[in-house]
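Engineer: I need the structure of the sequence given here:
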Amino acid sequence: MILEHTTIKEVANRARVSTATVSRILSGKHCHRSATVEIVRRAIEELRSARPVLTGLESTMPESVGVVMFAYRDFLNSSYNATLATAIMETLAAEDFSAQFIALSPRSLSIDYIEFLVREHRLKGLLIPEFEMLYAVSEQLAKLPIPVVCIGNLAETGLRYSVCVDNVSAGRDAANYLWSQGHRRFGIVTMSRNDICQAQRVAGFLETIRELGGAPDRVMIHEYRSLNDSISGVISALLNMPERPTALFSTNSLMTQKLIAGAAEAGIRIPEELSLLSLEENSELLYMSVPISVIRQPTRELGETAVQMLINLIRGLTVPEHEVLNCSQLARASVAQQN
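Structural biologist: All right, here's what the predicted structure looks like:
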């Protein structure tokens, strides 16, 4: 058995045996069962047949980068993921790069598997949107022989290059806007603050309320672990509060859509009884029955900026290690002036 463009580690992973077992079988110095030898032989053949056939035209083919995203139910149906993926693919195509889209579940996450994909597809670089679940392998990713650009979170990831949104300022802008409209009783609906982006939005909001003379400890905060969670808890809390908030800030646009439906079902009128301000990934909240005021996240710009950073790194150019983009504020009908 001869290895051609295949490593002992790859064979061991596919055959689910140790590298030492593969090494002994290849050298002929072994006493393994014939079934084990056959499993290793088959793994080598499968890896060999999976390799692309070289045609001599490879130098004319576009260079390829990997786009690593986490797969969960309907993950490409979310406005954020769909907009980001579209921006990445279109910008790569405009620069004559191809993309290998890599959707991983937490169970398939390992640095060995990512290294295998880099070799298998001859990737020149990696783009990793929303880095949270990859923190466990961030130090190993930083040691890959290709550039890696993280999108969405700016934290101690161990990676050198990132593009993110200033989420603290987004929370500050939300608080300043609602305060300027006369509101003094607030609520926040947020996804899990284990996600650094969500935590930064909430922290920016609360700190600004404190600076303006408000009481951040009296802000109602309702935290959700999953987008599949019911909104009924927030609605029930609002209905049972003796002094409910006059304004809510939602840090996720999908939860905002649930809030709108839940409020309508409970008979809470927006904006007459409750003003609503949301973070927005795209323009989906513009077309609600009451257009929702938003702190708009520059999702498309995130993808475009990250691609340009990665391509410049591949070309050996000097780039800033971190690019931080700002949100913008769009006032619509869902926030009323409080007398």
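
Engineer: Surely residue 185 is in contact with residue 245?
Structural biologist: Yes: assessed by CB atoms under 8 Å, residue 185 is found in contact with residue 245 at 4.7 Å. Placement of C-beta: from N, CA and C, glycine included.

Engineer: Mind checking what secondary structure residue 208 has?
Structural biologist: Secondary structure state of residue 208, per DSSP: H, G, I helix; E, B strand; the rest coil, is helix.

Engineer: Could you do residue 197 as well?
Structural biologist: Criterion first, three-state DSSP; result for residue 197: helix.

Engineer: so how far is residue 98 from it?
Structural biologist: Distance, residue 197 to residue 98, using CB to CB, to the nearest Å: 29 Å.

Engineer: Now residue 164: phi and psi?
Structural biologist: Dihedral pair for residue 164: phi -150, psi 170, per degrees, to the nearest 10.

Engineer: One more: residue 278?
Structural biologist: Torsion angles, degrees, to the nearest 10, at residue 278: phi -130, psi 150.

Engineer: any idea of the pLDDT on residue 257?
Structural biologist: Model confidence at residue 257, given as pLDDT, is 90.

Engineer: Next, count neighbours for it.
Structural biologist: By the criterion of other CB atoms under 10 Å, residue 257 has 18 neighbours.

Engineer: Verify the contact between residue 175 and residue 203 for me.
Structural biologist: No: with contact defined as CB under 8 Å, residue 175 does not reach residue 203; the gap is 10.8 Å.

Engineer: between those two, which one's more packed in?
Structural biologist: Neighbour totals were compared for residue 175 and residue 203, and residue 175 leads with 27 against 17 (other CB under 10 Å).

Engineer: which element is that one on?
Structural biologist: helix 167-180 (DSSP states H and E).

Engineer: Packing partners of that helix?
Structural biologist: Using 3 or more CB pairs under 8 Å, 6 or more residues apart in numbering; DSSP states H and E, the elements in contact with helix 167-180 are helix 196-211, strand 247-250, strand 275-280, strand 293-296.

Engineer: tilt between the third one and helix 167-180?
Structural biologist: Angular relation of strand 275-280 and helix 167-180 on a 0 to 180 degree scale: 160 degrees, by axes from the mean of the first three to the mean of the last three CA atoms, to 10 degrees.

Engineer: Kind regards, and thank you for your time.
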